[in-house]
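[1] Return a 3D structure for these sequence lines:
(one chain, ligands or ions: 1)
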Amino acid sequence: MRIDIVTIFPEFFSVLDVSLLGRARQAGILQVAAHDLREHTHDRHRTVDDTPYGGGAGMVMKPEPWGEALDALVTDESVLIVPSPAGEPFTQQIAREFAHAPHLVFACGRYEGIDQRVVDHYSSRIPVRLISLGDYVLNGGEVAAMAMIEAVGRLVPGVVGNPESLVEESHEDGLLEYPSYTKPAVWRGLEVPPVLLSGNHGAVAAWRREQQIERTRRVRPELLDDRG
Ligand code: 6GU
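    Okay, the predicted model is just below:
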C-alpha cells in the first residue's frame, strides 16, 4: 500500500519511521511519504491561506496549492481522505475499508479548513472521505491522519507479525477488549482472576466474554445497542 500525506508540517510524520510501521516501510510493505503543501505556492511568502468569503474569524486554505499538490499524487486508484471535525466518525470498519485501498492520500488542513471546492473537485474524480476522529477539536488534520495511518497500516497484511493478535481486540467484534494479566500471580496484594490460572480453556473463554460485555455495558452502552 502507498500512503501520501500533504501538509504544511511534513516533519510531523517523521515518527512513522519508528516502531511497527517503520519496520513495514523498511520491508517495503508500506510506502509512506509526506509532502509540503508550500512547495506548491508561487509567491514570496509561500501563502497557503486567505480570509473567508462572507467574513468570519480565522483563515481558510486556498484551493490552488491543494489542486497542484493533489494533482501530482492522485491516480485512478487513489482514495482521498480529508481529516475534519465535520467528517464522519472514524471506526474500525472504515479502517478495514481503507486497508483494502492500494493508495491513500491524506489532505491535512490547518486553520478553519480547506476551500470546499477542493473536496468538490476531487469528488468528481475519485472517492473522497471527510473523516473525524471524534467530537473534539484539534488544531489541524496531522494528528488525526497519524492516528488513521496507524489504524489502517496495522491491518495491511504483513505489518503486524501475528495476524491472530488483530482478532481479539477492542472493536473487532463490536465489543471492548477483556482485561489482560501476566505474571506475577499476585502483585501489590492484587490477585489475577483464578479462572485464568485454571487451565480450563472453555471457562477462560466464557469469563473473557462476560468481561467484554460487562465492560462494554459500563463504558460504551451504545455499542451494545448498535448490535441489536
Ligand atoms: Cl480529523 N481534524 C481536526 N482538526 N479536529 C478533529 C478531527 C480532525 N477529529 C476530531 N477533531
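
[2] Now the terminal residues of stretch 213-224, how far apart.
    Taking Cα to Cα, to the nearest Å, the first and last residues of stretch 213-224 lie 8 Å apart.

[3] Pull out the buried positions in it.
    Using 16 or more other Cβ atoms under 10 Å as the burial criterion, the residues of stretch 213-224 that qualify are 215, 216. C-beta here means a position set from N, CA and C on the backbone, and glycine is covered the same way.

[4] Then stretch 66-85?
    For stretch 66-85, by 16+ other Cβ under 10 Å, it's 66-67, 69-70, 73-74, 78-85.

[5] For the ligand, tell me which of those show up nearby.
    83, 84, 85 (Cβ under 6 Å from any ligand atom).

[6] circling back to that earlier point, how about CSV for the buried residues of stretch 66-85, with pLDDT added?
    Shown next, in CSV, are the buried residues of stretch 66-85 (pLDDT from 0 to 100):
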residue, pLDDT
66, 98
67, 98
69, 98
70, 99
73, 98
74, 98
78, 98
79, 98
80, 99
81, 98
82, 98
83, 98
84, 97
85, 95
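
[7] Among the residues you listed, which lie within strands?
    Judged by DSSP state E, these include 78, 79, 80, 81, 82, 83, 84, 85 as members of strands.

[8] Might you enumerate the residues of the chain proximal to the ligand?
    Near the ligand, when you scan the chain using Cβ under 6 Å from any ligand atom, you find 83-85, 131-134, 136-138, 140-141, 144.

[9] if we take the ones in strands among the buried residues of stretch 66-85, which one ends up nearest to residue 52?
    Proximity of those to residue 52 (Cβ to Cβ) peaks at residue 84, which lies at 15.6 Å.

[10] Can you name the residues bridging to the nearest residue to that closest one once chain neighbours are set aside?
    Closest residue to residue 84 apart from its sequence neighbours, by Cβ to Cβ, 6 or more residues apart in numbering: residue 130 at 4.8 Å. Residue 130 has the following beta-bridge partners by DSSP bridges: residue 82.

[11] ok, how many other residues are close to residue 130?
    Neighbourhood size, residue 130 [other Cβ atoms under 10 Å]: 17.

[12] Ok, residue 39 next?
    13.

[13] quick one, what contacts the residue lying closest to it once chain neighbours are set aside?
    Using Cβ to Cβ, 6+ apart and skipping residues adjacent in sequence, the residue nearest residue 39 is residue 69, 7.3 Å away. Going by Cβ atoms under 8 Å, 6 or more residues apart in numbering, residue 69 touches 6, 35, 37, 39, 40.
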